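Asker: just coords:
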């Protein structure tokens, strides 16, 4: 298959709710010859099962071939964060190429990957896909999806920004290491496995937190950070133990100060 052309579609699927798929996403899934689904292993196989369930709900017969593959893990021996992630992405790209070659004939084909949320926001699927171009004749198509930020603000029925005010989207690691960034009173925190809101002064800060945002098992808490910090930590731990995995996101906002 090394001399064949691949039309690779990265399809944003929202936060796990099939109702979040756009018509464009449904059409793209049905147009595929092969759909690849990563499996992160025991304890996280629900994520692969959710992708399978989405496919089962929106793809019409006969449909594409759907193949799961084992996702490589990051090498803990690489201490530099950027280098560790770069090495990991190289490994994932190799698995993609091997899996595509193993399951497609030697002809042009359309391959699809289901991406949580939107492929452009704190997701590296597009970066990994670029690596395939060195191994294969690849055309890349990106189908946007509903982001976890949209699911979060919808869950709490709140606007993302104050009137005329900026907001910042960042990660838990950045919040822990750099503190509250200058220039914004509203922060959206993603990719936070350590409840990094503990690293900031909670005085005058409100939080809107959701786990499994937009899904049937959504959990949402909101209020003063000083009042909710412990409850969120406990609720998050219980939910992760129950499901074996968790996806959560939260918004922090400083309350206006009065003279």
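Answerer: Arrived safely, thanks for sending. Model, not experiment: these values are computed from the prediction.
Asker: what sits closest to residue 16 if chain neighbours are left out?
Answerer: Spatially, and ignoring its direct neighbours in sequence, residue 16 is nearest to residue 215 (4.6 Å; Cβ to Cβ, 6 or more residues apart in numbering). In short, each C-beta sits where N, CA and C put it, glycine included.
Asker: low-confidence regions, the stretch 101-250 of the chain specifically.
Answerer: 105-108 (pLDDT under 70).
Asker: which stretches of it form helices?
Answerer: Remark: helices assigned in the stretch 101-250 of the chain by DSSP state H, counting those that start in this stretch are 125-132, 148-156, 172-178, 225-243.
Asker: so which bits of the second one are buried?
Answerer: Spelled out, that is helix 148-156. Going by neighbour count (16 or more other Cβ atoms under 10 Å), the buried part of helix 148-156 is 148, 149, 150, 151, 152, 153, 155, 156.
Asker: got the residues you listed as JSON lines, with distance to residue 189 columns?
Answerer: Output for the buried residues of helix 148-156, formatted as JSON lines (distance: Cβ to Cβ, whole Å):
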{"residue": "148", "distance to residue 189": "11"}
{"residue": "149", "distance to residue 189": "10"}
{"residue": "150", "distance to residue 189": "15"}
{"residue": "151", "distance to residue 189": "14"}
{"residue": "152", "distance to residue 189": "10"}
{"residue": "153", "distance to residue 189": "13"}
{"residue": "155", "distance to residue 189": "15"}
{"residue": "156", "distance to residue 189": "14"}
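Asker: of those, closest to residue 120?
Answerer: Closest approach between the buried residues of helix 148-156 and residue 120, by Cβ to Cβ: residue 149, at 11.8 Å.
Asker: surely that closest one touches residue 169?
Answerer: Yes. Applying Cβ atoms under 8 Å, one finds residue 149 in contact with residue 169, separated by 6.9 Å.
Asker: what touches both of the two?
Answerer: Residues touching both residue 149 and residue 169 (Cβ atoms under 8 Å, 6 or more residues apart in numbering): 121, 188, 190.
Asker: thought residue 149 was touching the second one, still the case?
Answerer: This means residue 188. Yes. With contacts counted by Cβ under 8 Å, residue 188 reaches residue 149, the gap being 5.6 Å.
Asker: of the buried residues of helix 148-156, which is the nearest to residue 182?
Answerer: Distances from residue 182 to those, taken by Cβ to Cβ, are shortest for residue 149, at 21.1 Å.
Asker: and the strands in the stretch 101-250 of the chain, which stretches?
Answerer: For the stretch 101-250 of the chain, strands defined by DSSP state E, counting those that start in this stretch occupy the ranges 109-115, 137-143, 168-171, 186-190, 205-211, 219-224, 248-254.
Asker: from the shared contacts of residue 149 and residue 169, which is closest to residue 134?
Answerer: Within the shared contacts of residue 149 and residue 169, proximity to residue 134 (Cβ to Cβ) peaks at residue 121, which comes in at 25.3 Å.
Asker: measure the closest one to residue 201 for me?
Answerer: Using Cβ to Cβ, to the nearest Å, residue 121 is found at 28 Å from residue 201.
Asker: so which of those two has more stuff around it?
Answerer: Legend: neighbour count by other Cβ atoms under 10 Å for residue 121 and residue 201, higher for residue 121 (16 against 10).
Asker: identify the residue nearest the geometric centre of this protein.
Answerer: A centroid search over the chain (Cα atoms, centre = their mean) returns residue 116, at 4.3 Å, as the residue closest to the centre.
Asker: so who does residue 87 touch?
Answerer: If you count contacts by Cβ under 8 Å, 6+ apart, residue 87 has them with 74, 75, 78.
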